[in-house]
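Return a 3D structure for these sequence lines:
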Amino acid sequence: MIMYQQYAQQFINRDYELNYLNTRYNSNTPEFIVLYGRRRIGKTRLITEFIHQKEGIIFLPVEYSKAENIKLLQYQMGDFLGNDTFKKINLNGFEELFIEFFNWHKDDKRMIFAIDEFPYLIKLDRSIPSIFQRIWDLNLSKRNVMLILSGSSIGMMETEVLGYNSPLYGRRTGQWQVDKLEFKHLASFFPHYQVDDLIRIYGCMGSIPEYLLKFSDTLDFWENLHLNFLSKGSFLYEESDILLREEFREPRNYMFILKTIAQGKRKLSEIANATGMDKGALSRYIHNLKRVGIIEAEISVPLTGTGRSKRSLYKIKDNYFNFYFRFVLPNKNSIDGEINITSKVKRNYDQYLGFIFEELIRDLIRQGKLDIGFMPEDCGSWWYRQNEIDIVATGIDTDNVKNLFLAEVKWSELTRLDTTRLIDHLKKKTEIVRWHNNTRNEYYGIIARKIEKKESFRRENIFAFDLDDIELLTMQKISV
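Residues are numbered from 1 along each chain as shown. Sure, this is the predicted structure:
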């Protein structure tokens, strides 16, 4: 018997996560697994898929009271036992509830307890980690049980569950941070979309499963954007406020910082001047935003022989927040006034997508999906004084051969003349790139939305890719 709800939505990928959970399940020893990750990433769906056809209970707390949650879990346990009498027993806490459950449940068959959004319980009672420490130490760790604690509040999961000062520290037998899907999986959500529209979708929401399910494959991208993002009361229009309020105590300060970065102020000093925040306080806010994966510090790839630069440029890493603070928040008054701003966004979206496309290409190179002549050890953007290169990758192979790859990325259609000029420009930039100058192999790349007669440019050390190649490289062998 299992407490399981069948979902209508398709379950895409998550092969690594399911394999990990099933391996732990088949260990034949007590397991205490911590599962965490950003809201809407698909943790609940993953747990539900994993527990399907296994003995177990998935419990989702409510944000009412501790007593109410004890009663709700007691009812689920009663349903699992098939015994209404169990539901009527007077119990004084979670610890007593688990003791009583195993007084009734004598079967030693492998069983799963999954508590989803565990931070809800911690918010109601700060002693919850200590209570579950005792439940694990004195009860569950001695039984054929797999306990899963899951949560979306990354900060709380890292401090109250995984942190050194947590009563639960050292009890877990494993943990997994659930990340977003890969870009290639968007094609499974939108089988009728071309790759350029998949990149448009990726630009406004990344690959967060719950967000992708809001868009319809039967509508074009702009209709979807208007209905689900640029309309008052729509799910994605309100999501940013909900996420920041749940994760942080001072959401307005975080919104101010994100708005500033979205406006192009990327240095710490620029953000401090624009927000008027003390640099010490600002650094703490920045650290918290980095910890939960909303922003990241971009550092130039080290090529000048001086090591990696310490000068960070901050950027919004999460594409949903990136789009929201670039296009939605500045137009909030218009959207609240039910003014359709879709055409306004459309006029500026290609420019915005240029930066998204660059980062997507960097990811594909890091993953080895785009063949650049060698497997890179480092890949990112590069800047030195007034010079910039979109993508620089370096690698040293087993024979100590040094490889350097320089590339320009354009979200546009390039003529043959455009491509020739870009390649010549890249070759000139190698003169200022100081990295094993006399012993390196040099490779060059042009990546664009469309390249006219790209095959004519391809050489042993010159690579040309456009969306046709991206589609072939990323849309194959998708696990569904």
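
Dump stretch 262-269 to PDB, restricted to CA.
This file holds the C-alpha atoms of stretch 262-269, laid out as PDB (Å, rounded to 0.1, in the frame of the first residue of the first chain):
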ATOM      1  CA  ALA A 262      19.600  43.900 -14.400                       C
ATOM      2  CA  GLN A 263      20.200  47.600 -15.300                       C
ATOM      3  CA  GLY A 264      23.800  46.800 -16.100                       C
ATOM      4  CA  LYS A 265      25.600  47.800 -12.900                       C
ATOM      5  CA  ARG A 266      27.700  44.700 -12.300                       C
ATOM      6  CA  LYS A 267      30.600  45.900 -10.100                       C
ATOM      7  CA  LEU A 268      30.200  45.800  -6.300                       C
ATOM      8  CA  SER A 269      31.000  49.500  -6.200                       C
END
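
tell me how far that stretch is from the chain's mean position?
In terms of CA atoms, centre = their mean, to the nearest Å, the gap separating the centre of stretch 262-269 from the centre of its chain is 22 Å.

List of residues touching that stretch?
In this structure, residues lying in contact with stretch 262-269 by CB atoms under 8 Å, 6 or more residues apart in numbering are 271, 273-274, 279, 282-283, 286, 298, 311-316, 322, 325-326, 329. All C-beta spots, glycine's among them, are computed from the backbone N, C-alpha and C.

So which of these are in strands?
Among those, the members falling in strands (DSSP state E) are 298, 313-316.

Pick out the residue nearest the middle of the protein.
The C-alpha lying nearest the average C-alpha coordinate of the chain belongs to residue 180 (CA atoms, centre = their mean; 3.9 Å).

so where does that residue fall, helix or strand?
Following DSSP states H and E, there is no helix or strand that holds residue 180.

circling back: buried subset of the contacts of stretch 262-269?
271, 282, 286, 298, 312-316, 322, 325-326, 329 (16 or more other CB atoms under 10 Å).

Out of those, which two sit at the greatest distance?
Using CB to CB, the pair of those lying farthest apart is 312 and 329, separated by 23.7 Å.

doesn't residue 207 make contact with the residue nearest to the centre of the chain?
Yes. Taking CB atoms under 8 Å as the definition, residue 180 is a contact partner of residue 207 at 4.6 Å.

ranges for the strands of the stretch 151-300 of the chain?
174-177, 295-298 (DSSP state E, counting those that start in this stretch).

so who does the residue nearest to the centre of the chain touch?
Shown in contact with residue 180 (CB under 8 Å, 6+ apart): 38, 41, 206-208.

now it: how far from residue 380?
19 Å (CB to CB, to the nearest Å).

same thing with residue 462?
From residue 462 across to residue 380, the span is 21 Å (CB to CB).

cool, and residue 68?
For residue 68 relative to residue 380 (CB to CB), the value is 49 Å.

More neighbours: which of these two?
The neighbour comparison of residue 68 against residue 380 (other CB atoms under 10 Å) goes to residue 380, with 21 against 13.

and that one, that one's in a helix?
No. Counting by DSSP: H, G, I helix; E, B strand; the rest coil, residue 380 falls outside a helix, being strand.

I'd assumed residue 300 was in contact with it.
Yes. The criterion here is CB under 8 Å, and residue 380 meets it with residue 300 at 7.3 Å.

Count the neighbours of the residue nearest to residue 279 when sequence neighbours are not counted for me.
Counting by CB to CB, 6 or more residues apart in numbering, residue 272 is the residue found nearest to residue 279 once chain neighbours are left out, at 5.2 Å. Per other CB under 10 Å, the neighbour tally for residue 272 reads 19.

Kindly report the same for residue 385.
A count of nearby residues for residue 385, using other CB under 10 Å, gives 6.

Could you check how far it is from residue 311?
Residue 385 is 12 Å from residue 311, by CB to CB.

Next: residue 426.
Taking CB to CB, one finds residue 426 at 24 Å from residue 311.

Out of the contacts of residue 180, which is nearest to residue 127?
Distances from residue 127 to those, taken as CB to CB, are shortest for residue 38 (26.7 Å).

OK, contacts around that closest one?
Contact analysis of residue 38 by CB under 8 Å, 6+ apart lists 152, 154, 178, 180, 208, 243, 292-293, 318.

and if we set it to 7 Å?
Applying CB atoms under 7 Å, 6 or more residues apart in numbering, we find residue 38 in contact with 152, 154, 293.

So which of these wins on neighbours?
Once you tally neighbours by other CB under 10 Å, residue 152 ends up highest among those, having 24 neighbours.

now that residue, nearest residue through space, not along the chain?
The shortest distance from residue 152 to any non-neighbouring residue, by CB to CB, 6+ apart, is to residue 39 (4.3 Å).

pLDDT score assigned to the one you found?
Note on residue 39: pLDDT of 86.

ok, for residue 124, nearest residue in space, not its chain neighbours?
residue 66 (5.0 Å).

how much space is there between that neighbour and residue 121?
Residue 66 is 7 Å from residue 121, where distance means CB to CB.

what about residue 36, how many residues close to it?
Close neighbours of residue 36, defined as other CB under 10 Å, add up to 23.

Report the contact partners of it.
Shown in contact with residue 36 (CB under 7 Å, 6+ apart): 150-151, 154, 157, 177.

List buried residues within the residues you listed.
Buried, going by 16+ other CB under 10 Å: 150-151, 154, 157, 177, out of the contacts of residue 36.

Next, the residue in the chain sticking out farthest from the centre: phi, psi?
Largest separation from the mean C-alpha position in the chain: residue 85, at 44.0 Å (CA atoms, centre = their mean). Residue 85 adopts backbone torsions of phi -60, psi -40, taken as degrees, to the nearest 10.

ok, now the one 3 residues further on?
Phi and psi for residue 88, reported as degrees, to the nearest 10, are phi -100, psi 0.

Give me the below-cutoff pLDDT ranges for the stretch 351-480 of the chain.
In the prediction, the stretch 351-480 of the chain carries residues with pLDDT under 70 at positions 474-480.

Just the helices from it, written as ranges.
All helices of the stretch 351-480 of the chain, identified by DSSP state H, counting those that start in this stretch, fall at 416-429, 467-474.

With respect to residue 132, which of these lies nearest?
Here helix 467-474 is closest among the helices of the stretch 351-480 of the chain (CB to CB), at 41.6 Å.

Going by neighbour count, which residues of that closest one are buried?
For helix 467-474, burial by neighbour count (16+ other CB under 10 Å) applies to 467, 469-471, 474.

For burial, what's the neighbour tally of residue 226?
Neighbour count of residue 226, defined by other CB under 10 Å: 17.
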